[in-house]
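Novice: structure for this input, please:
(4 chains)
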There are 2 protein chains.
Amino acid sequence: MAVTEVLRRFNRTYTQRIGVLEESFLGTGRPLAVSRLLFEIGSAGAVGVRELRELLDLDSGHLSRMLRRLEDDGLVATTVDGADRRRRLVSLTTAGQQAYDDLERRSDERASSLVAPLTPRQQERLADALATADLLVRAATVRLRQVGDDDPVAREATRRYVAELDDRFPAGFDPGPLAPEPDATWVVATSDGRPVAHGGLRPVPGRDDTAEIKRMWVDAGWRGAGLGTRMLRHLESLAREQGYRRVVLDTNGTLTEAIEMYERAGYARIDRYNDNPYAEAFFEKELSSAS
Amino acid sequence: MAVTEVLRRFNRTYTQRIGVLEESFLGTGRPLAVSRLLFEIGSAGAVGVRELRELLDLDSGHLSRMLRRLEDDGLVATTVDGADRRRRLVSLTTAGQQAYDDLERRSDERASSLVAPLTPRQQERLADALATADLLVRAATVRLRQVGDDDPVAREATRRYVAELDDRFPAGFDPGPLAPEPDATWVVATSDGRPVAHGGLRPVPGRDDTAEIKRMWVDAGWRGAGLGTRMLRHLESLAREQGYRRVVLDTNGTLTEAIEMYERAGYARIDRYNDNPYAEAFFEKELSSAS
DNA sequence: AGTAATCTCTGACTAGAGTCAGAGAATGGC
DNA sequence: GCCATTCTCTGACTCTAGTCAGAGATTACT
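Specialist: Numbers count the residues shown, from 1 in each chain, chains lettered A, B, ... in the order given. Okay, here's the model as predicted:
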């Protein structure tokens, strides 16, 4: 059966049965949207109103009114953000924390009772299937975005990239003062606003037809979802758009999954082309105008 | 990770991303509920208003108004049910069929674009995972209901049970005139109002402590979801409630999955205890008061 | 034949969800 | 320091979803 069919069938099953997980928000005397808001504030600790609006994609008037309602009920407290006094921060009061815990408990109970008729083995199968579906659906909805290297999300991605290399390389990894690369193009993949993959492209001095792929990184929890390949493809097509006909990259021998991915993606080994002390494997790929 | 956690995590991913499949109902100038109604009428062909109300669990006033809206838009036509002139039947007009096809197309497009970023292999994995989740969620929400043997759903189940045996037994299966069994208890498992499994319990003449399990059947599309075992457990606990201390059953050697299931469930082979010409294997199980 | 029950529909509501314009306070860029 | 912009909030709406009571036609029960 085609994916779309399965997806649509599942969608119907879902809205009819699991969708009712939402019901756990009801019976609290508060409308659904307000409960959902409370849940979101509780999960995040203290949040800015701005962030809430973006996260839940709400109209500012609508959100404001719902916050007022929660405030009147004594569940949240809002304070002015010291760093930018136009903004306001929202956090749970003690009563709010209690209401949040109550929502958590209801949701857990609802979920438990839903799977209760299944045997332990079936519950395990269901958990596996849902975890796979979750990963893939998230992966499918990841957004690739071109950013400047001063973008906060790009910075976070770079920080995590460096941290991981430092962790995996036997001798650690010290990037030195990361030289600013004014001509580089950076791409970050985000999910729910957090970076999950990163990569860049920079011109190679002296070779007009060649760009180098830099700082390829995929979050550990997201491996196996094809994000690396997607990032690579994306960078290649950017390179093509910028007029390059060839890309090269270097990598460390420790990163075996990465090397496999490069080979699968049509990269061929070449000789060392720089003096990067951490690099042990070097690759190139000719960019056909077609693909 | 525990099932409930995975389920809840998936639930959030889902409502944020796939849930938007509903959006395909929008942009048609009709509210969501009305579109959903149109979709339901279109899937079913012609339906009674009564059935729609039960299927979608709607207030009669609400449904009536929505139908009127669809009628005013020229999408559906209602006629009086000849068999019971209180009832009304709804069917799509030509324009309605077009609107339905349009909804179908939108839903397909939405589903396709959602999975488009995935590789074919990932799409396949997603389809597998969702199909598994779908089966298990449906199985978890199946309802076991005690019915009289004149219940229309029970009749349908029996008809399909007989048809399947006739199909699988090398020499076919002729139940003869199915003798009414006034003292029997019948249980049917339904999903969306359709029978998916069936079984019964009847006293064994001359042995007060023993009941016989009859007409065990699980829909072919539902095997592997543990429905048979659940039905068996359910019948056993009914037998216990009715004061029996032992159950027996007979079956045909062709039904290997069934035999395996009985053995897994703690049934032990015994000698032939009746002259049923189709029966080749005979089982018993002592009912402990505990389980 | 008479009464209770069933089915659909209308009228009269309420509450939730969301949109849009604009006011008032605060900030950033030049 | 000035102007444009950002952020939150209020007011004034619309539309959807859903509830409840009851009317009128029809059928089921005995």
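Novice: the residue of the stretch 151-291 of chain A found nearest chain B and B:Q122: what is the separation?
Specialist: Relative to chain B, the nearest point of the stretch 151-291 of chain A is A:G226 (5.4 Å; CB to the nearest CB). In this view, the C-beta of every residue, glycine as well, is placed from N, C-alpha and C. Distance from A:G226 to B:Q122, counting by CB to CB, to the nearest Å: 5 Å.
Novice: for the residue of the stretch 151-291 of chain A closest to chain B, grab phi and psi.
Specialist: Main-chain torsions, A:G226, degrees, to the nearest 10: phi 80, psi 10.
Novice: and it, what does it touch?
Specialist: A:A139, B:L118, B:T119, B:Q122 (CB atoms under 8 Å, 6 or more residues apart in numbering or on different chains).
Novice: what's the closest non-adjacent residue to the third one?
Specialist: Sequence neighbours aside, A:G226 is the residue nearest to B:T119 in space, at 5.4 Å (criterion: CB to CB, 6 or more residues apart in numbering or on different chains).
Novice: next one: A:D81
Specialist: The shortest distance from A:D81 to any non-neighbouring residue, by CB to CB, 6+ apart, is to A:R87 (3.9 Å).
Novice: pLDDT score for the one you found?
Specialist: pLDDT recorded at A:R87 is 92.
Novice: equivalent analysis for A:M1, please.
Specialist: On the pLDDT scale, A:M1 gets 63.
Novice: re earlier: and the gap between the residue of the stretch 151-291 of chain A closest to chain B and A:R233?
Specialist: Noted for A:G226: a distance of 10 Å to A:R233, by CB to CB.
Novice: A:A279 sits in which helix or strand?
Specialist: Here A:A279, judged by DSSP states H and E, is contained in no helix and no strand.
Novice: with A:L55 instead?
Specialist: helix A:49-56.
Novice: that helix packs against which elements?
Specialist: helix A:32-44, helix A:60-72, strand A:88-92 (3 or more CB pairs under 8 Å, 6 or more residues apart in numbering or on different chains; DSSP states H and E).
Novice: wait, which of the ones you listed is closest to B:N276?
Specialist: helix A:32-44 (55.8 Å; CB to CB).
Novice: contacting residues around that closest one?
Specialist: With contact meaning CB under 8 Å, 6+ apart, helix A:32-44 is reached by A:22, A:25-26, A:28, A:30, A:47, A:51-52, A:55-56, A:63, A:66-67, A:69-70, A:75-76, A:90-92, A:96-97, A:99-100, A:103-104.
Novice: let's see that with 7 Å instead.
Specialist: A:22, A:25-26, A:28, A:47, A:52, A:55-56, A:66, A:69-70, A:75-76, A:90, A:92, A:96, A:99-100, A:103 (CB atoms under 7 Å, 6 or more residues apart in numbering or on different chains).
Novice: can you check stretch A:248-262 too?
Specialist: If you take CB under 7 Å, 6+ apart as the criterion, stretch A:248-262 is touched by A:168-169, A:204, A:210, A:212-213, A:216, A:223, A:228-229, A:273-274, A:276, A:278-284.
Novice: then stretch A:152-166?
Specialist: A:V147, A:G172, A:F173, A:P175, A:W186, A:V188, A:T190, A:P195, A:H198, A:R215, A:W217.
Novice: for A:S291, report the pLDDT, please.
Specialist: Predicted confidence (pLDDT) for A:S291: 48.
Novice: likewise for A:V187?
Specialist: In this model, A:V187 is scored at 92, pLDDT.
Novice: can you check A:D250 too?
Specialist: pLDDT at A:D250 comes out at 94.
Novice: same deal with A:L135?
Specialist: A:L135 carries a pLDDT value of 89.
Novice: the residue of the stretch 151-291 of chain A found nearest DNA strand D - how many residues pack around it?
Specialist: Taking CB to the nearest atom of the strand, DNA strand D has its nearest neighbour within the stretch 151-291 of chain A at A:P152, 13.2 Å off. Residues lying near A:P152 (other CB atoms under 10 Å in any protein chain shown) number 9.
Novice: also A:N274?
Specialist: Applying other CB under 10 Å, I find that A:N274 has 11 neighbouring residues.
Novice: ok, it to DNA strand C distance?
Specialist: Between A:N274 and DNA strand C the computed distance is 37 Å (CB to the nearest atom of the strand, to the nearest Å).
Novice: then A:G243?
Specialist: Distance, A:G243 to DNA strand C, by CB to the nearest atom of the strand: 30 Å.
Novice: can you tell me the element that residue falls in?
Specialist: Assigned by DSSP H and E, A:G243 belongs to neither a helix nor a strand.
Novice: what are the phi and psi values at it?
Specialist: Taking degrees, to the nearest 10 as the convention, A:G243 sits at phi 90, psi 10.
Novice: and it, what's its pLDDT?
Specialist: Per the predicted model, pLDDT is 91 at A:G243.
Novice: now the one 4 residues further on
Specialist: Here the pLDDT value assigned to A:V247 is 96.
Novice: hang on, isn't it packed against A:A211?
Specialist: Yes. If you go by CB atoms under 7 Å, A:V247 and A:A211 touch, sitting 5.2 Å apart.
Novice: look at the two and report which has more neighbours.
Specialist: A:A211 (29 against 24).
Novice: so that one sits against A:L201, correct?
Specialist: Yes. A:A211 sits in contact with A:L201 when judged by CB under 7 Å, with a separation of 5.1 Å.
Novice: list the residues that contact both of those two?
Specialist: Taking CB under 7 Å, 6+ apart as the contact rule, A:A211 and A:L201 both touch A:A239.
Novice: still on that earlier bit, export the helices and strands packed on helix A:49-56 as JSON lines, with columns for mean neighbour count.
Specialist: Output for the helices and strands packed on helix A:49-56, formatted as JSON lines (neighbours: other CB atoms under 10 Å in any protein chain shown):
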{"stretch": "helix A:32-44", "mean neighbour count": "19"}
{"stretch": "helix A:60-72", "mean neighbour count": "15"}
{"stretch": "strand A:88-92", "mean neighbour count": "18"}
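Novice: in a markdown table, list the ones you listed along with distance to B:D128.
Specialist: Formatted as a markdown table, these follow (distance: least, CB to CB, whole Å):
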| stretch | distance to B:D128 |
| --- | --- |
| helix A:32-44 | 31 |
| helix A:60-72 | 39 |
| strand A:88-92 | 40 |
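Novice: closest one to B:S237 among the ones you listed?
Specialist: helix A:32-44 (37.3 Å).
Novice: chain center to that closest one, what's the gap?
Specialist: Relative to its chain's centre, helix A:32-44 lies at 21 Å (CA atoms, centre = their mean, to the nearest Å).
Novice: same question for stretch A:155-172.
Specialist: The answer for stretch A:155-172 is 18 Å, by CA atoms, centre = their mean.
Novice: then stretch A:6-24?
Specialist: For stretch A:6-24 - counting by CA atoms, centre = their mean - the centre lies 24 Å from the chain centre.
Novice: what's the answer for stretch A:162-178, then?
Specialist: Centroid separation between stretch A:162-178 and its chain, computed with CA atoms, centre = their mean, is 22 Å.
Novice: pull the CA atoms of it into PDB?
Specialist: Below are the C-alpha coordinates for stretch A:162-178, written out as PDB (Å, rounded to 0.1, in the frame of the first residue of the first chain):
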ATOM      1  CA  VAL A 162      32.600  21.000  18.200                       C
ATOM      2  CA  ALA A 163      31.600  19.400  21.400                       C
ATOM      3  CA  GLU A 164      30.800  16.100  19.600                       C
ATOM      4  CA  LEU A 165      34.100  16.000  17.700                       C
ATOM      5  CA  ASP A 166      36.000  16.800  20.900                       C
ATOM      6  CA  ASP A 167      34.200  13.800  22.500                       C
ATOM      7  CA  ARG A 168      34.700  11.400  19.700                       C
ATOM      8  CA  PHE A 169      38.300  12.100  18.600                       C
ATOM      9  CA  PRO A 170      40.700  10.100  20.700                       C
ATOM     10  CA  ALA A 171      42.900  13.200  21.200                       C
ATOM     11  CA  GLY A 172      40.000  15.600  21.500                       C
ATOM     12  CA  PHE A 173      39.300  18.400  19.100                       C
ATOM     13  CA  ASP A 174      40.300  22.000  19.400                       C
ATOM     14  CA  PRO A 175      39.100  24.100  16.500                       C
ATOM     15  CA  GLY A 176      41.300  27.000  17.600                       C
ATOM     16  CA  PRO A 177      39.700  30.400  17.200                       C
ATOM     17  CA  LEU A 178      37.000  29.600  14.600                       C
END
